[in-house]
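Peer 1: what's the 3D shape of this:
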Amino acid sequence: DAGGSTLSLHIGISCGAINCMLIGTEKRAELVIMGTPLQDATICESLARPGEVVISCTAQDFIGEENLKVKPRSPQPGATKVEEILSVLPPSTVDLPLSATFGDDINAFVPDAVSHQLETDGSEKFMSQLRLISVLFIQIPLDSGLDAFKFCDMLQASFLSISSIVSSYEGAIRQLIVDDKGTVCIAAFGLPPKSHEDDPHRAILAALRIQEALQKQIGKQPSIGVTTGHALCGPVGSKERHEYSLVGSTVNMAARLMGKADGRILCDKRTYLSSNRRFFFKVLPPVLVKGRMVPMEVFLPISESRESSLAPQRRLLYAAEKKLQRNSGVPGKSSFSSRDNFIVGHNAERRQIDFLIHILSQQKKGSSKSSGALERCVLLTIEGEAGSGKTLIINDMLEHIDQQSLRSFRTFAYSSDSSIPFGGVRAAASRILNTLLATKNISLRSDQDPAVLQSALMSLLPPKIASMLHLLRDIIPDLPLFPDDSAVASTEYGDARAESVIQLSTLLLLESPFDVFVWADVQWLDSMTWSVIKRLLKSLPGGKLIVLSYRSGEKVNEHIQVTPEDRNAGLVFQLKLSRLSKPEVSQIIANISGLTLDCVDSQVTDLVYDFSGGNPMLAVEFCTEKLNSRAIVVSNGHCQLHLDTVGGSAAGPDNQTSLDSILLAKFDSTPTTDQLIMKVAASSGRHFSADMVASVVKYLSKETSDSDIEGSLVRLVETGFLLKREGQSGSYLFRSPYQRDAIYRVLLGEQKRIIH
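Peer 2: Take a look at the predicted model:
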């Protein structure tokens, strides 16, 4: 009885011989049980009403009539309801030793989220979190009527494929079960310690690859449901027996979509909205699922779009599709959009870029005697935190480049690309080859006749590149296999093949018509792409430009070897975008509200600046949401606070999802001690005392010392989570209230109570 509500269970029991299978490897394994008793127990459970226990005839025979008082339960022959227990049998246990494959190591059965927590501080108190995750329910189409050994072999092969694919995108296997619903594997993206801002994208990528892999392995496509949302993630159970579980409607809806998929992949709306810049989707008719009163919107992912121009977090600055509405208090509605075709601030950086483009343009026109003519290509790096405006700066630069009749290409790297060799070269190579093939009215399609495609490329490409066509599928995996590829490719392996593909990639880019090569978010590039970029820097002639943008704090400089001579010769420009000043934030408010700068009330500027900390993305989103919720109003030509409604959420639900995922991905990358400090500090508020936090942290984690805490605070300032309060020794504050709120939202109510 909890809070006046009584929870009743209905239970089914059976017994008999079962098959126990250890599925997986020494790194990730599951104990799977199956057999007739499980099916009988499921039937009995369905016959039991709330508060009842129904047992099968085999269970009744095993227990003995003298120990139970039962009553038949129709319509299932032999199923009986337990009326009374006449005597209690002594408990017994069955030993199930691990096989030689796993030895005595139980780590294969422990989820990464658990082992990470136990390895770092040994504490379970704060293992449970309310997290934003993407969930996959995968129904493996295996015939349960197969011979047990054959079934086990096919299940092992299927699980290894699924586990390998999920791990390659840094997801986690939650569970593998065989029951009345079939053989189901549950996976999740966004669990600690590996959450990412693009977890919905990773989930769909994994689902597409799993579908392809199982089709090849067992000749059937799995049914997969994918959902995104908040769920309780953590240990559930008692001291005697508990497991790491995912609980919430997000998890339930993934299972419902799997049940409706019928050999397809079905996604919910939130997953679709988070990934529709990266994939082509088909919108399907809404479906009615258990647990929902209204039909659920569903979407079918078709394929990945590598040419997408905006990553999910970048949509925060280009929100044309978000028709945010506010009730204006008069008939009809007015709306404020956070789409802005302007750049506020960064004027010095833009002047440097304009000067550089002018030099390149003059050099291309043949004015080699003009001052500033360069003998080698130029490297431009743009560094800034998430939301600082790197993409806007690059967009502005590319527009200027087009006006100067220079040709450019741009490719975005994503966090899932770091494990994909040559992922940062694929889009450029595809564009170069498609441009050439367009002269013969063909393209790089997977269904293109291989012989025709090979013949066309051989005639269009320089001989040195044409001789390496058998390596092209290492860069563009979707290409068809050329007729003589297998024989040639088999002669190259390992490092020698990698070196050949790097050489091919470099030659393709050197022969391209591009003047400007742009790689955005290079902190996520794979090592092979970095090798190509390094060679381009040495090989591209004057009049060419390589642009690399990346997030502050990422280890990118180890890939970019800049010498003082190159910098002095004007071959390297390194820009670092700073946060906006308060007047610049005021200008953003004026632009969004359609007013001039002098019409923005200083209280509005203070509110938006205090929340955003000068981060352009946070300033735009916060201001837009507050205008639409009427916490900020435009009245009589002035932008001012509506004092009755200043509180409320920091961002709309879609924007909050994107912002939370960015912050939590960064949060997960920090050491566990740093995370605990931030959780305690977030419970205190935006401002906090280091002494107070240290006292609480040492109480919660006995192993943490004062020096550990001091080191953590230094790191948190360096990584941009915290700021030292000026003039107040030992006092800190979160850089942005939103950072504090996002971390506080991760905590469960009981954890908050303990900290408070």
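
Peer 1: By residue count, what's the longest strand in this protein?
Peer 2: strand 223-237 (DSSP state E).

Peer 1: List the buried residues in the helix or strand following it.
Peer 2: Downstream of strand 223-237, the first helix or strand assigned by DSSP states H and E is strand 242-247. Using 16 or more other Cβ atoms under 10 Å as the test for burial, strand 242-247 gives 244-246. C-beta: built from backbone N, CA, C; applies to glycine.

Peer 1: I'd like the residues you listed as TSV, with pLDDT and distance to residue 230 appended.
Peer 2: Converted to TSV, those look like this (pLDDT from 0 to 100; distance: Cβ to Cβ, whole Å):
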residue	pLDDT	distance to residue 230
244	87	17
245	90	15
246	93	11
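
Peer 1: relative orientation of the longest strand of the chain and strand 242-247 in degrees?
Peer 2: 130 degrees (axes from the mean of the first three to the mean of the last three Cα atoms, to 10 degrees).

Peer 1: Which other helices and strands does strand 223-237 contact?
Peer 2: The helices and strands touching strand 223-237, judged by 3 or more Cβ pairs under 8 Å, 6 or more residues apart in numbering; DSSP states H and E, are strand 129-140, helix 199-218, strand 242-247, helix 249-261, strand 265-267, helix 269-275.

Peer 1: Buried deepest among these, which one?
Peer 2: Most buried of those, by mean neighbour count (mean count of other Cβ atoms under 10 Å): strand 265-267, with a mean of 28.

Peer 1: Contacts for it next, please.
Peer 2: Strand 265-267 is contacted from outside by 204, 207-208, 211, 224-227, 257-258, 260, 275, 281, 284, 298-301, using Cβ atoms under 8 Å, 6 or more residues apart in numbering.

Peer 1: Mind doing that once more with 6 Å?
Peer 2: Identification of contacts with strand 265-267 by Cβ atoms under 6 Å, 6 or more residues apart in numbering yields 207, 224-226, 257, 298-299, 301.

Peer 1: what pLDDT does residue 643 get?
Peer 2: We have a pLDDT of 60 for residue 643.

Peer 1: again but with residue 331, I slipped
Peer 2: 31.

Peer 1: before we move on, the earlier item: of the contacts of strand 265-267, just say which sits nearest to residue 68.
Peer 2: residue 225 (40.3 Å; Cβ to Cβ).

Peer 1: so the closest one touches residue 139, yeah?
Peer 2: No. Counting by Cβ atoms under 6 Å, residue 225 does not reach residue 139; the two are 8.5 Å apart.

Peer 1: overlap in contacts of these two?
Peer 2: residue 258.

Peer 1: Tell me where the model's unsure across the chain.
Peer 2: Low-confidence segments of the chain, defined by pLDDT under 70, span residues 1-4, 96-105, 118-125, 144, 306-342, 367-374, 446, 483-493, 643-659.

Peer 1: Centroid-nearest residue for it?
Peer 2: Geometric centre of the chain, nearest residue: residue 199, 1.9 Å, by Cα atoms, centre = their mean.

Peer 1: Residue 661 versus that one, what's the distance?
Peer 2: 7 Å (Cβ to Cβ, to the nearest Å).

Peer 1: again, but for residue 230
Peer 2: 11 Å.

Peer 1: which of these two has more neighbours?
Peer 2: Ranked by neighbour count (other Cβ atoms under 10 Å), residue 230 and residue 661 place residue 661 first, with 26 against 18.

Peer 1: following the helix or strand containing that one, which helix or strand shows up next?
Peer 2: Element membership of residue 661, judged by DSSP H and E, is helix 653-668. Per DSSP H and E, the first helix or strand lying C-terminal to helix 653-668 is helix 672-684.

Peer 1: returning to that earlier point: which neighbours do residue 230 and residue 661 share?
Peer 2: residue 132.

Peer 1: returning to what we had before: pull up the pairing partners for the longest strand of the chain, direction included.
Peer 2: The sheet places strand 223-237 alongside strand 129-140 (antiparallel), strand 242-247 (antiparallel), strand 265-267 (parallel), with pairing taken from DSSP bridges.

Peer 1: Columns distance to residue 604 on top of these, output as TSV?
Peer 2: Output for those, formatted as TSV (distance: least, Cβ to Cβ, whole Å):
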stretch	distance to residue 604
strand 129-140	30
strand 242-247	41
strand 265-267	39
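
Peer 1: Tell me which of those lies nearest to residue 517.
Peer 2: Set against residue 517 and scored by Cβ to Cβ, the strands paired with strand 223-237 come closest in strand 129-140, at 32.5 Å.

Peer 1: pull the CA atoms of that closest one into PDB?
Peer 2: C-alpha atoms of strand 129-140 as PDB (Å, rounded to 0.1, in the frame of the first residue of the first chain):
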ATOM      1  CA  GLN A 129      19.600   9.000 -13.100                       C
ATOM      2  CA  LEU A 130      16.800  10.500 -15.000                       C
ATOM      3  CA  ARG A 131      18.500  10.600 -18.400                       C
ATOM      4  CA  LEU A 132      17.600  11.500 -22.000                       C
ATOM      5  CA  ILE A 133      18.200   8.300 -24.000                       C
ATOM      6  CA  SER A 134      17.300   6.600 -27.300                       C
ATOM      7  CA  VAL A 135      16.000   3.000 -26.900                       C
ATOM      8  CA  LEU A 136      16.000   0.200 -29.400                       C
ATOM      9  CA  PHE A 137      13.800  -2.900 -29.100                       C
ATOM     10  CA  ILE A 138      15.000  -5.500 -31.700                       C
ATOM     11  CA  GLN A 139      12.900  -8.600 -32.400                       C
ATOM     12  CA  ILE A 140      15.200 -11.200 -33.900                       C
END
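
Peer 1: got the angle for it vs helix 672-684?
Peer 2: Going by the same axes, to 10 degrees, strand 129-140 makes 120 degrees with helix 672-684.

Peer 1: For whatever helix or strand comes next after strand 129-140, buried residues please.
Peer 2: Next along the chain after strand 129-140, taking DSSP H and E as the criterion, comes helix 148-168. Buried residues in helix 148-168, defined by neighbour count with 16+ other Cβ under 10 Å: 151-152, 154-156, 158-163, 165-167.

Peer 1: what's helix 148-168 in contact with?
Peer 2: Residues contacting helix 148-168 (Cβ under 6 Å, 6+ apart): 19, 21, 23-24, 28, 140, 142, 173, 185, 187, 206, 209-210, 213-214, 217, 419.

Peer 1: residues touching residue 245, list them.
Peer 2: Per Cβ under 6 Å, 6+ apart, neighbours of residue 245: residue 236.

Peer 1: so what's it bridging to?
Peer 2: With DSSP bridges as the rule, residue 245 is bridged to residue 234.

Peer 1: chain center to the longest strand of the chain, what's the gap?
Peer 2: Distance, stretch centre to chain centre, for strand 223-237: 14 Å (Cα atoms, centre = their mean, to the nearest Å).

Peer 1: Please apply the same query to stretch 240-249.
Peer 2: On Cα atoms, centre = their mean, the centre of stretch 240-249 falls 22 Å from that of its chain.

Peer 1: go on, stretch 191-203?
Peer 2: 3 Å.

Peer 1: gap between the two ends of it?
Peer 2: Terminal residues of stretch 191-203 are spaced 12 Å apart (Cα to Cα, to the nearest Å).

Peer 1: now do stretch 364-375
Peer 2: Length of stretch 364-375, first residue to last, Cα to Cα: 12 Å.

Peer 1: swap in stretch 586-605?
Peer 2: Terminal-residue distance, stretch 586-605 (Cα to Cα): 5 Å.

Peer 1: what's in contact with that stretch?
Peer 2: With contact meaning Cβ under 6 Å, 6+ apart, stretch 586-605 is reached by 340, 342, 344, 608, 619, 623, 632, 634, 637-641.

Peer 1: Now which of those would you call buried?
Peer 2: Applying 16+ other Cβ under 10 Å to the contacts of stretch 586-605 flags 340, 344, 608, 619, 623, 632, 634, 639-641 as buried.
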